[in-house]
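[1] below are the sequence and a predicted model for it; my questions follow.
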Amino acid sequence: AKKAKKPKDSSNELAVCRVLLADLEAHQDAWPFLSPVRHKSVPGYRKVIKKPMDFSTIKEKLTNNLYLNLENFIVDVNLVFNNCQRFNEDDSEIGRAGHRMRRFFDKRWTELLHLK
Ligand SMILES: CO[C@H](O)CCc1ccc(O)cc1
(Lines give C-alpha, C1' and ligand atoms only; values in the text may rest on other atoms or scores of the structure.)
Protein backbone atom coordinates (compact mmCIF):
# COMPACT_ATOMS: atom_id res chain seq x y z
CA ALA A 1 0.00 0.00 0.00
CA LYS A 2 1.18 3.56 -0.68
CA LYS A 3 2.86 5.08 2.41
CA ALA A 4 1.13 8.34 3.40
CA LYS A 5 3.53 11.24 2.55
CA LYS A 6 4.50 13.35 5.55
CA PRO A 7 3.16 16.88 4.96
CA LYS A 8 6.09 19.28 4.32
CA ASP A 9 6.22 22.01 6.91
CA SER A 10 7.31 25.00 4.83
CA SER A 11 6.18 27.59 7.37
CA ASN A 12 9.60 28.08 8.94
CA GLU A 13 11.62 27.93 5.69
CA LEU A 14 11.96 31.72 5.52
CA ALA A 15 13.11 31.80 9.15
CA VAL A 16 15.76 29.23 8.18
CA CYS A 17 16.81 31.52 5.28
CA ARG A 18 17.28 34.45 7.70
CA VAL A 19 19.40 32.32 10.05
CA LEU A 20 21.51 31.01 7.15
CA LEU A 21 22.05 34.51 5.71
CA ALA A 22 23.06 35.89 9.13
CA ASP A 23 25.58 33.04 9.50
CA LEU A 24 27.00 33.71 6.00
CA GLU A 25 27.36 37.45 6.67
CA ALA A 26 29.07 36.81 10.03
CA HIS A 27 31.67 34.43 8.55
CA GLN A 28 35.24 35.80 8.45
CA ASP A 29 35.59 34.85 4.78
CA ALA A 30 32.38 36.66 3.72
CA TRP A 31 34.11 39.96 2.85
CA PRO A 32 34.24 39.45 -0.98
CA PHE A 33 30.51 38.62 -1.02
CA LEU A 34 28.91 41.17 1.32
CA SER A 35 28.01 43.72 -1.37
CA PRO A 36 27.70 43.79 -5.19
CA VAL A 37 30.97 43.59 -7.14
CA ARG A 38 31.78 47.11 -8.41
CA HIS A 39 31.74 45.89 -12.02
CA LYS A 40 32.70 49.36 -13.31
CA SER A 41 36.10 48.95 -11.64
CA VAL A 42 36.59 45.24 -12.43
CA PRO A 43 37.43 44.78 -16.12
CA GLY A 44 35.47 41.99 -17.75
CA TYR A 45 33.20 41.27 -14.79
CA ARG A 46 29.96 42.37 -16.42
CA LYS A 47 30.78 40.48 -19.62
CA VAL A 48 31.70 37.23 -17.88
CA ILE A 49 29.18 37.16 -14.99
CA LYS A 50 25.67 37.25 -16.44
CA LYS A 51 23.84 37.15 -13.10
CA PRO A 52 25.75 38.99 -10.38
CA MET A 53 24.64 38.16 -6.82
CA ASP A 54 25.84 39.01 -3.31
CA PHE A 55 24.66 38.68 0.30
CA SER A 56 23.24 42.23 0.57
CA THR A 57 21.11 41.65 -2.55
CA ILE A 58 19.90 38.34 -1.09
CA LYS A 59 18.99 40.15 2.13
CA GLU A 60 17.03 42.74 0.14
CA LYS A 61 15.16 40.00 -1.74
CA LEU A 62 14.41 38.18 1.53
CA THR A 63 13.07 41.41 3.07
CA ASN A 64 10.89 42.02 0.01
CA ASN A 65 9.50 38.47 0.11
CA LEU A 66 11.01 37.55 -3.25
CA TYR A 67 11.94 34.02 -2.10
CA LEU A 68 8.97 31.70 -2.16
CA ASN A 69 10.86 28.89 -0.47
CA LEU A 70 14.23 27.72 0.82
CA GLU A 71 15.11 26.27 -2.59
CA ASN A 72 14.90 29.64 -4.37
CA PHE A 73 17.11 31.13 -1.64
CA ILE A 74 19.71 28.35 -2.00
CA VAL A 75 19.80 28.93 -5.78
CA ASP A 76 20.86 32.57 -5.19
CA VAL A 77 23.45 31.67 -2.53
CA ASN A 78 24.97 29.11 -4.90
CA LEU A 79 25.00 31.78 -7.63
CA VAL A 80 27.30 33.87 -5.41
CA PHE A 81 29.75 30.96 -5.11
CA ASN A 82 29.49 29.85 -8.74
CA ASN A 83 30.14 33.43 -9.96
CA CYS A 84 33.17 33.55 -7.67
CA GLN A 85 34.57 30.26 -9.01
CA ARG A 86 34.03 31.43 -12.55
CA PHE A 87 35.83 34.72 -12.15
CA ASN A 88 38.59 33.88 -9.69
CA GLU A 89 41.43 31.35 -9.73
CA ASP A 90 40.95 28.57 -7.16
CA ASP A 91 44.41 29.50 -5.90
CA SER A 92 43.63 33.14 -5.06
CA GLU A 93 42.48 34.94 -1.91
CA ILE A 94 38.94 35.42 -3.20
CA GLY A 95 38.84 32.00 -4.86
CA ARG A 96 39.79 30.27 -1.62
CA ALA A 97 37.30 32.39 0.37
CA GLY A 98 34.57 31.28 -2.04
CA HIS A 99 35.38 27.59 -1.59
CA ARG A 100 35.46 27.96 2.20
CA MET A 101 32.14 29.83 2.23
CA ARG A 102 30.45 27.24 0.01
CA ARG A 103 31.64 24.41 2.28
CA PHE A 104 30.37 26.31 5.34
CA PHE A 105 26.98 26.97 3.72
CA ASP A 106 26.46 23.37 2.55
CA LYS A 107 27.24 22.09 6.08
CA ARG A 108 25.03 24.71 7.78
CA TRP A 109 21.84 24.27 5.77
CA THR A 110 21.97 20.50 5.95
CA GLU A 111 22.43 20.80 9.75
CA LEU A 112 19.38 23.09 9.98
CA LEU A 113 17.28 20.83 7.74
CA HIS A 114 18.12 17.74 9.84
CA LEU A 115 16.79 19.52 12.92
CA LYS A 116 13.26 19.21 11.54
C1 LIG B 1 33.18 38.07 -5.30
O2 LIG B 1 34.34 38.78 -5.71
C3 LIG B 1 34.43 39.00 -7.11
O4 LIG B 1 34.67 37.80 -7.74
C5 LIG B 1 35.52 40.05 -7.26
C6 LIG B 1 36.47 39.75 -8.34
C7 LIG B 1 37.66 40.64 -8.31
C8 LIG B 1 38.90 40.07 -8.48
C9 LIG B 1 40.02 40.85 -8.50
C10 LIG B 1 39.92 42.22 -8.33
O11 LIG B 1 41.04 42.97 -8.38
C12 LIG B 1 38.67 42.81 -8.15
C13 LIG B 1 37.55 42.00 -8.12
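    Thanks, I have it.

[2] measure stretch 61-69 end to end?
    End-to-end distance for stretch 61-69, by CA to CA, to the nearest Å: 12 Å.

[3] for it, list every residue counted as buried.
    Buried residues in stretch 61-69, defined by neighbour count with 16 or more other CB atoms under 10 Å: K61, L62, Y67. To be clear about C-beta, it is placed using only N, CA and C from the backbone, and glycine gets the same treatment.

[4] name the element the first one belongs to?
    If you go by DSSP states H and E, K61 is part of helix 55-63.

[5] Throw the buried residues of stretch 61-69 into a markdown table and include pLDDT and distance to the ligand, thanks.
    Putting the buried residues of stretch 61-69 into a markdown table (pLDDT from 0 to 100; distance: CB to the nearest ligand atom, whole Å) gives the following:
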| residue | pLDDT | distance to the ligand |
| --- | --- | --- |
| K61 | 98 | 18 |
| L62 | 97 | 19 |
| Y67 | 97 | 21 |
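
[6] wait, isn't G95 in contact with F81?
    No - counting by CB atoms under 8 Å, G95 does not reach F81; the two are 10.6 Å apart.

[7] more neighbours: which of these two?
    The neighbour count for G95 versus F81, taken as other CB atoms under 10 Å, is higher for F81 (19 against 16).

[8] any idea which element the residue lying closest to that one once chain neighbours are set aside lies in?
    Ranked by CB to CB, 6 or more residues apart in numbering and with sequence neighbours excluded, the top spatial neighbour of F81 is R102, at 4.2 Å. Element membership for R102 (DSSP H and E) is helix 93-114.

[9] hmm, that helix in reach of the ligand?
    Yes - against the ligand, helix 93-114 shows contacts by CB under 6 Å from any ligand atom at I94.
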